[in-house]
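**Student:** What follows is a predicted structure for the sequence shown.
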Amino acid sequence: MKLPKKATIIEVGPRDGLQNEKNFVPTDVKKEFIYRLKQAGIKEMELTSFVSPKWVPQMQDASEIVDSCMTMDSRDFVLAPNKKGMERVFETSCRSVAVFVGVSDSFNQKNINKTTEEALEGLKPLLTELKERGYFVRACISTAFYCPYVGKIPPKDTLALCKKFVAMGVDELSVADTIGRANPSEAYHLFTLLKQELPHTLLTAHFHDTRKMALANILASLQAGIDRFDTSAGGLGGCPFAPGATGNVATEDVVYMLEEMGISTGVDLEKLAAAIEVVESFVSRPIESGYYRLHELNQ
Ligand code: HMG
Ligand code: MG
């Protein structure tokens, strides 16, 4: 089997993991969660998002999170969808920004109140400004496989959107199975295509685990040459505007699988479990990842 020696985990728990929680998770709990994730060896993380607090109230404490949690030894991302979001980013010390657009118009209309073309037009000058100011920019490509509203997305449509972002100068593409519906053949096919067509772009896979296929999809993506994975501690997560989607693939299960396969992640599983314990009682659903359940049983 063709496998890399190491892989990078991009932790999205504090953002994707918590954004869908109805009850507000206290800001101090979020800060402790982020601190412990860093202690566990996470070097890239989405801390929060500068979106409208009317749309996603859970992220209303974004500025305070960034001010307290940014460190120089890790790449800390924040999400921002528009000019107002970027203005809020520029008031912080954050140097890495994630923008997000889906391949599907219907999804974008629900998620950001814009069509795909409108979103791209709005982002174009903002990306130019981010690059001029020296920011690291990732573009999160939602509904890269399936859309909750229109179903299957043709790989050529996903490729076309990815190419537009690369032409706009982004440093990284995070390609997402937003509703956790892709299968390993689809994951292998799309990532092989993207590696071929965009050989100079940093590519990351972002799998939600709705149908418990995320680990299989990660294995298929590894085979296609991907070695960067967005994951969420505790398997928390989901987009509030993607009905039927559950959490992201659990960081601890991905780290366990990769390390057992001899692929180094730099993440300490015991310390990761300690991070999950910080948020466990503040989230609405049980933590069901295999690694964490066994860890708690053995305590
Ligand atoms: P809109 O209502 O069309 O925006 O929302 P607007 O420009 O008309 O502004 C309306 C109000 O919001 C105004 O306030 C603005 O100031 C304010 P008012 O005058 O009414 O008091 N506003 C903002 N406030 C703070 N920060 C901002 C901001 N922008 C406007 N940035 C908008 C458009 C994009 C703002 C809205 O739709 C939004 O915030 N959407 C975010 C949705 C979201 O966060 N989704 C989850 C993240 S994406 C995801 O999870 C997928 C991913 O994980 C990959 C995958 O799995 O697919 C990344
Ligand atoms: Mg997501």
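**Tutor:** Thanks, I have the structure now. Being a predicted model, the structure only gives us computed values, none of them experimental. Ligands and ions are numbered 1, 2, ... in the order given.
**Student:** use CA for all of it now, contacts and neighbours both
**Tutor:** OK.
**Student:** so, in contact with ligand 1 or not, stretch 229-242?
**Tutor:** Yes - contact of stretch 229-242 with ligand 1 (Cα under 6 Å from any ligand atom) involves residue 239.
**Student:** For the residue nearest to residue 250 when sequence neighbours are not counted, which residues are in contact?
**Tutor:** Once flanking residues are discounted, residue 250 sits nearest to residue 235: 3.7 Å by Cα to Cα, 6 or more residues apart in numbering. Remark: with contacts taken as Cα atoms under 8 Å, 6 or more residues apart in numbering, residue 235 is in contact with 13, 17, 247-251, 287-289.
**Student:** Recalculate using a threshold of 6 Å.
**Tutor:** Listed by Cα atoms under 6 Å, 6 or more residues apart in numbering, the contact set of residue 235 reads 247-250.
**Student:** any idea which of those is closest to ligand 1?
**Tutor:** Checking the contacts of residue 235 against ligand 1 with Cα to the nearest ligand atom, the nearest one is residue 248 at 7.7 Å.
**Student:** quick one, phi/psi of the residue nearest to residue 250?
**Tutor:** Per-residue torsions, residue 235: phi 70, psi 20 (degrees, to the nearest 10).
**Student:** Pick out the most distant pair among the contacts of residue 235.
**Tutor:** Distance extremes for the contacts of residue 235: the farthest pair is 247 and 250 at 7.9 Å, using Cα to Cα.
**Student:** quick one: which of those two has more around it?
**Tutor:** Relative neighbour count places residue 250 above the other of residue 247 and residue 250, with 30 against 26, counting by other Cα atoms under 10 Å.
**Student:** Now the one residue in the stretch 151-299 of the chain that gets nearest to ligand 1: closest residue in space that isn't a chain neighbour?
**Tutor:** Proximity of the stretch 151-299 of the chain to ligand 1 (Cα to the nearest ligand atom) peaks at residue 178, 3.7 Å away. By the measure of Cα to Cα, 6+ apart, the closest residue to residue 178 outside its immediate chain neighbours is residue 143, 5.3 Å from it.
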